[in-house]
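Novice: Just a sequence and a predicted model for now, questions to come.
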Amino acid sequence: MRLHVADHPLIRHKVTVLRDKNTKSPTFRLLVDELVTLLAYEATRDVRVVEREVETPLTTTTGTAIADPPPIIVPILRAGLGMLDGMTRLLPSAEVGFLGLKRDEETLEAITYANRLPDDLTGRQVFLIDPMLATGGSLVMAIEYVLERGATDVTCVCLLAAPEGIAHVQEKVGDRADVSVVVAQVDEKLNEVGYIVPGLGDAGDRLYGIVDV
Ligand SMILES: O=P(O)(O)OC[C@H]1O[C@H](OP(=O)(O)OP(=O)(O)O)[C@H](O)[C@@H]1O
Ligand SMILES: O=c1cc[nH]c(=O)[nH]1
Ligand SMILES: [Mg+2]
């Protein structure tokens with residue numbers, strides 16, 4: 001697994017406002033969207049492309065186009081939905097699949113409750129989006145899900161990660177070079193109930209305002 005931690009003052013500034021417990025859902029949603037745009041720039045560095053001829057007003061030259069079939073973006077519901085618009089803005093030709101995972105807050109194990117993805121993902125490039133990588137259980141489940149269906153290039157885009165979660169993903173994925181994690185910031189640790197510290201709380205609740213769904 002490859003790990004890329006974005007290190008940019010604008011990203012740090014926006015994450016700081018996200019962390020603030022007084023930041024309300026409308027601002028939180030806006031900031032998540034802006035952060036995805038900044039992170040997606042790095043996360044799409046290896047997006048598959050082909051050469052494409054283009055006629056300028058002066059001549060013909062060789063340019064670049066997103067390859068076909070296009071990548072598949074998979075938001076991990078609920079919180080990952082907050083990152084979807086930002087990703088599709090940069091990759092408008094991408095297809096979108098959905099994976100609903102909910103962490104059991106007692107056992108900290110992820111449970112799948114929804115799946116709207118093709119069974120056959122042979123050779124496809126997939127972008128998994130979820131703001132929080134805590135124990136890593138949810139992300140590992142999502143990565144295994146798409147790899148088992150044949151995906152060959154998986155990029156995970158997260159906002160905050162705990163070192164424990166990164167280690168867990170690393171252990172499960174091993175040295176596969178076609179799985180990468182791009183994250184805005186790596187936090188200090190997980191607390192005793194599996195929350196990222198300092199973190200930002202429950203990303204789904206903060207995005208959508210509903211607690212305990
Ligand atoms: O790394 P983990 O320990 O698995 O935790 C991270 C997961 O927890 C959050 O989702 P949650 O289960 O709260 O669902 P939600 O998006 O519906 O709030 C988050 O969006 C991740 O999917
Ligand atoms: O800190 C955490 C951990 C899991 N899920 C969240 O939304 N936040
Ligand atoms: Mg949640």
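Specialist: Happy to help now that I have it. Residues are numbered from 1 along each chain as shown. Ligands and ions are numbered 1, 2, ... in the order given.
Novice: Quick check: residues of this structure near ligand 3?
Specialist: 202, 204 (C-beta under 5 Å from the ion). Every residue, glycine included, has its C-beta placed from N, CA and C.
Novice: Wait, Pro69 touches Val126, no?
Specialist: No. Applying C-beta atoms under 8 Å as the test, Pro69 and Val126 come out as separate, 11.4 Å apart.
Novice: Which one of the two is surrounded by more residues?
Specialist: Legend: neighbour count by other C-beta atoms under 10 Å for Pro69 and Val126, higher for Val126 (26 against 13).
Novice: Then that one would be within a strand, right?
Specialist: Yes. Residue state for Val126 (DSSP: H, G, I helix; E, B strand; the rest coil) corresponds to a strand.
Novice: ok, now how distant is it from ligand 2?
Specialist: Distance, Val126 to ligand 2, by C-beta to the nearest ligand atom, to the nearest Å: 21 Å.
Novice: Check Ile66 too.
Specialist: Taking C-beta to the nearest ligand atom, one finds Ile66 at 31 Å from ligand 2.
Novice: secondary structure element for whatever residue of the chain ends up closest to ligand 3?
Specialist: Nearest residue of the chain to ligand 3 (C-beta to the ion) works out as Gly204 at 3.4 Å. According to DSSP states H and E, Gly204 maps onto helix 203-208.
Novice: Go ahead and produce CSV holding the CA coordinates of that helix.
Specialist: Presented in CSV, the C-alpha positions along helix 203-208 are these (Å, rounded to 0.1, in the frame of the first residue of the first chain):
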residue,chain,number,x,y,z
ALA,A,203,-18.1,12.9,10.4
GLY,A,204,-21.6,11.6,9.3
ASP,A,205,-23.3,13.3,12.2
ARG,A,206,-21.4,16.5,11.5
LEU,A,207,-22.2,16.5,7.8
TYR,A,208,-25.9,15.6,8.1
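Novice: same for it, what does it pack against?
Specialist: Under the contact criterion of 3 or more C-beta pairs under 8 Å, 6 or more residues apart in numbering; DSSP states H and E, helix 203-208 touches helix 25-43.
Novice: for the helix it packs on, which positions count as buried?
Specialist: Going by neighbour count (16 or more other C-beta atoms under 10 Å), the buried part of helix 25-43 is 28-29, 31-33, 35-36, 38-40, 42-43.
Novice: Kindly report the same for stretch 99-112.
Specialist: 99-103, 110.
Novice: and ligand 1, which of those reach it?
Specialist: Contacts with ligand 1 within the buried residues of stretch 99-112, as defined by C-beta under 6 Å from any ligand atom: 101-103, 110.
Novice: which one of those sits closest to Arg12?
Specialist: Arg103 (26.6 Å; C-beta to C-beta).
Novice: beta partners of that closest one?
Specialist: Ala110 (DSSP bridges).
Novice: for the residue lying farthest from the centre of the chain, phi and psi?
Specialist: Most distant residue from the mean C-alpha position of the chain: Leu58, 40.5 Å away (C-alpha atoms, centre = their mean). Phi and psi for Leu58, reported as degrees, to the nearest 10, are phi -110, psi -30.
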